[in-house]
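Colleague: below is the sequence, then the predicted model.
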There are 2 protein chains.
Amino acid sequence: MNILVCDDDKAIVDAIGIYLENEGYKIVKAFNGVEAIEVIREHEIHLIIMDIMMPKMDGIRATMKIREENNIPLIILSAKSEDYDKILGLNFGADDYITKPFNPLELIARVKSQLRRYTTLGGLETRSSILQTGGLMIDDESKTITVDGEEVHLTPVQYKILKLLTANAGKVFSIEEIYEKVWNEAAFNPENTVSVHIRKIREKIEINPKEPKYLKVVWGVGYKVEKI
Amino acid sequence: MNILVCDDDKAIVDAIGIYLENEGYKIVKAFNGVEAIEVIREHEIHLIIMDIMMPKMDGIRATMKIREENNIPLIILSAKSEDYDKILGLNFGADDYITKPFNPLELIARVKSQLRRYTTLGGLETRSSILQTGGLMIDDESKTITVDGEEVHLTPVQYKILKLLTANAGKVFSIEEIYEKVWNEAAFNPENTVSVHIRKIREKIEINPKEPKYLKVVWGVGYKVEKI
DNA sequence: TCACAACACTAAGAAAATCTTAAGAAATGC
DNA sequence: GCATTTCTTAAGATTTTCTTAGTGTTGTGA
């Protein structure tokens, strides 16, 4: 498997290269978006790791350009300070993202995960942007949520929370986990921000918020969306 | 979970130790990089907190050295005056960093966050969150317990006890052992807290609590879940 | 074998922890 | 600057946990 690593910081490219080579992957390097596109045309590449901030052509523009031609799995690298929404929310074609500084183990896990997904799809992209459980449906492409066919409006934060829980329906997330995943930072004093949002979501998606059908609490643990 | 705290300032090591012990972690101490590396070879360490400025071997060199051998989550401690970019930007293998003086709550949040990340990633490849014996089934991901297909509701403590016993079905646990594992503290004030919980669990999972099928007592020793 | 000591079980209620809700302040976006 | 969204606060509701104290059961050794 050949992996293209693209970052203007040579030290980072080298470090990532070493981790991945240890796992048995072949590494190809590029130091800006223009180079990356050239490399992809010339080599057979199975996965791309791309930095956001780069001279000449930034990672987002490069990703969009690459997506015009093919669907090679692509993981974005970004600094924590950069705008989360821009990376996750804006759908510009990346499959996953990792924030710097990153845990090498996490990088490897995500790379494997992407390669697995790609090969089981046979390389043909059939990315379904629809999540569903019971009568609850989330179309991530149009950012639309419907309950029993009825469209409901959620605010951005509410949307992210519900999407996280629905994408992993059945799995329980602690409040800390939810905070971390949605806000992209460790919460050390979350008061009850999350539970207020939970309340608001329930108000909108549940027939009877007192006896939620979808968004359930697991006492002493956290919240989950029921898998139906 | 065992956490290695490494700093040349004993007062800081002790302070961090106290905060983390309160959260139920076991602490191992080291006072310079060389010691840290030795400790890691000898003990099972799940997370490292490392100061940057230290005699003998500084935190960055130590981190790089550690990274040659393994991927234990590592949080860097650094004074505000030190070059921030050097720590954040330079990728030498740390997973997160905290600046001194730090907020204890923040420290704990980041520690938990790292441990969570590490364990969920580790389980990514072969996660089987389901424990089973006879008709009793525990799905740890959704925190759901079913008996003969029927879902039963357990409280957090009850859940933890049953999970402990089921994960080690057949093994007998003394009351002290159960207390220690579930409450995460050795200090044992006998009373009969555990047996009350056992009673409640039986009430919920057993057809006839007087003649338990799953959760059995072993006279003079403790309790076990039958391996079926 | 019988009594007694050690151990296990049960029930109930007070205390503690956790979740829910509402309302308003602060921040954000147009 | 207005409308919307997000966060904070605090009180109320609910659930869980712990403790107590009494009852039952088992094993032992006189």
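Modeller: On my side now, so go ahead. Residues are numbered from 1 along each chain as shown, chains lettered A, B, ... in the order given.

Colleague: for chain A, which segments are assigned as helices?
Modeller: For chain A, applying DSSP state H gives helices covering A:10-22, A:33-42, A:59-69, A:84, A:104-120, A:156-167, A:175-183, A:193-205.

Colleague: could you dump those helices to JSON lines with distance to DNA strand D, mean neighbour count and mean pLDDT?
Modeller: Every residue, glycine included, has its C-beta placed from N, CA and C. Output for the helices of chain A, formatted as JSON lines (distance: least, CB to the nearest atom of the strand, whole Å; neighbours: other CB atoms under 10 Å in any protein chain shown; pLDDT from 0 to 100):
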{"stretch": "helix A:10-22", "distance to DNA strand D": "30", "mean neighbour count": "17", "mean pLDDT": "86"}
{"stretch": "helix A:33-42", "distance to DNA strand D": "31", "mean neighbour count": "18", "mean pLDDT": "86"}
{"stretch": "helix A:59-69", "distance to DNA strand D": "22", "mean neighbour count": "18", "mean pLDDT": "77"}
{"stretch": "helix A:84", "distance to DNA strand D": "12", "mean neighbour count": "17", "mean pLDDT": "49"}
{"stretch": "helix A:104-120", "distance to DNA strand D": "25", "mean neighbour count": "17", "mean pLDDT": "74"}
{"stretch": "helix A:156-167", "distance to DNA strand D": "3", "mean neighbour count": "19", "mean pLDDT": "90"}
{"stretch": "helix A:175-183", "distance to DNA strand D": "6", "mean neighbour count": "19", "mean pLDDT": "86"}
{"stretch": "helix A:193-205", "distance to DNA strand D": "4", "mean neighbour count": "18", "mean pLDDT": "93"}
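
Colleague: how about TSV for these, with distance to B:Ile145 added?
Modeller: Listed next are those as TSV, based on distance: least, CB to CB, whole Å:
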stretch	distance to B:Ile145
helix A:10-22	40
helix A:33-42	50
helix A:59-69	44
helix A:84	36
helix A:104-120	29
helix A:156-167	20
helix A:175-183	21
helix A:193-205	23
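
Colleague: output stretch A:171-189 as PDB, nothing but the C-alphas.
Modeller: Provided in PDB are the C-alpha atoms of stretch A:171-189 (Å, rounded to 0.1, in the frame of the first residue of the first chain):
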ATOM      1  CA  LYS A 171     -23.100   3.400  22.000                       C
ATOM      2  CA  VAL A 172     -23.200   5.400  25.200                       C
ATOM      3  CA  PHE A 173     -21.200   8.600  25.300                       C
ATOM      4  CA  SER A 174     -20.300  10.300  28.600                       C
ATOM      5  CA  ILE A 175     -20.800  14.000  28.800                       C
ATOM      6  CA  GLU A 176     -17.100  14.600  28.700                       C
ATOM      7  CA  GLU A 177     -16.800  12.500  25.600                       C
ATOM      8  CA  ILE A 178     -19.600  14.400  23.900                       C
ATOM      9  CA  TYR A 179     -18.000  17.700  24.900                       C
ATOM     10  CA  GLU A 180     -14.700  16.600  23.600                       C
ATOM     11  CA  LYS A 181     -16.000  15.300  20.300                       C
ATOM     12  CA  VAL A 182     -18.300  18.200  19.500                       C
ATOM     13  CA  TRP A 183     -16.300  21.100  20.800                       C
ATOM     14  CA  ASN A 184     -13.000  19.500  19.900                       C
ATOM     15  CA  GLU A 185     -11.500  20.200  23.300                       C
ATOM     16  CA  ALA A 186     -11.300  18.600  26.700                       C
ATOM     17  CA  ALA A 187     -13.900  19.900  29.000                       C
ATOM     18  CA  PHE A 188     -12.700  20.500  32.500                       C
ATOM     19  CA  ASN A 189     -15.600  22.400  33.700                       C
END
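
Colleague: what lies in contact with it?
Modeller: Stretch A:171-189 has contacts (CB atoms under 8 Å, 6 or more residues apart in numbering or on different chains) with A:80, A:84, A:99, A:157, A:160-161, A:164-165, A:190, A:193-195, A:218, A:221-224, B:103, B:105-106, B:108-110, B:112-113, B:116, B:141-143.

Colleague: cool, stretch A:18-26 as well?
Modeller: With contacts defined as CB under 8 Å, 6+ apart, stretch A:18-26 is touched by A:1-3, A:5, A:27, A:104, A:107-108, A:111.

Colleague: contact partners for A:Arg110?
Modeller: Counted by CB under 8 Å, 6+ apart, A:Arg110 has contacts A:75, A:96, A:98.

Colleague: from those, which land in strands?
Modeller: A:75, A:96, A:98 (DSSP state E).

Colleague: and the second one, how far is that from B:Pro212?
Modeller: When CB to CB, to the nearest Å is applied, the distance between A:Asp96 and B:Pro212 equals 47 Å.

Colleague: who's more crowded, the two?
Modeller: Taking other CB atoms under 10 Å in any protein chain shown, A:Asp96 and B:Pro212 do not tie; B:Pro212 has more neighbours (18 against 15).

Colleague: what pLDDT does the model give the nearest residue to that one once chain neighbours are set aside?
Modeller: The shortest distance from B:Pro212 to any non-neighbouring residue, by CB to CB, 6 or more residues apart in numbering or on different chains, is to B:Glu206 (4.9 Å). pLDDT for B:Glu206: 91.

Colleague: okay, now B:Glu206: neighbour count?
Modeller: There are 16 residues near B:Glu206, going by other CB under 10 Å.

Colleague: also the one 5 residues further on?
Modeller: Number of residues near B:Glu211 (other CB under 10 Å) recorded here: 9.

Colleague: surely the residue nearest to B:Pro212 meets B:Lys213?
Modeller: Yes. Applying CB atoms under 8 Å as the test, B:Glu206 and B:Lys213 come out as touching, 6.1 Å apart.

Colleague: contact partners for A:Ile207?
Modeller: So A:Ile207 contacts A:Lys213 (CB under 8 Å, 6+ apart).

Colleague: kindly report the same for A:Lys204.
Modeller: A:152-154, A:158.

Colleague: what would those residues look like in CSV with distance to A:His43?
Modeller: Formatted as CSV, the contacts of A:Lys204 follow (distance: CB to CB, whole Å):
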residue, distance to A:His43
A:Val152, 46
A:His153, 46
A:Leu154, 43
A:Gln158, 43
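
Colleague: so among those residues, which ones count as buried?
Modeller: A:154, A:158 (16 or more other CB atoms under 10 Å in any protein chain shown).

Colleague: okay, domains of chain A per the record?
Modeller: Domain ranges of chain A: A:2-120, A:130-225, per automatic domain parsing.

Colleague: and B:Arg67, which of those domains is closest to it?
Modeller: When the domains of chain A are compared by CB to CB, domain A:2-120 sits nearest B:Arg67, at 7.2 Å.

Colleague: that closest one: how far from the chain's middle?
Modeller: The chain centre lies 13 Å from the centre of domain A:2-120; the measure is CA atoms, centre = their mean, to the nearest Å.

Colleague: same thing with stretch A:190-198?
Modeller: 22 Å.
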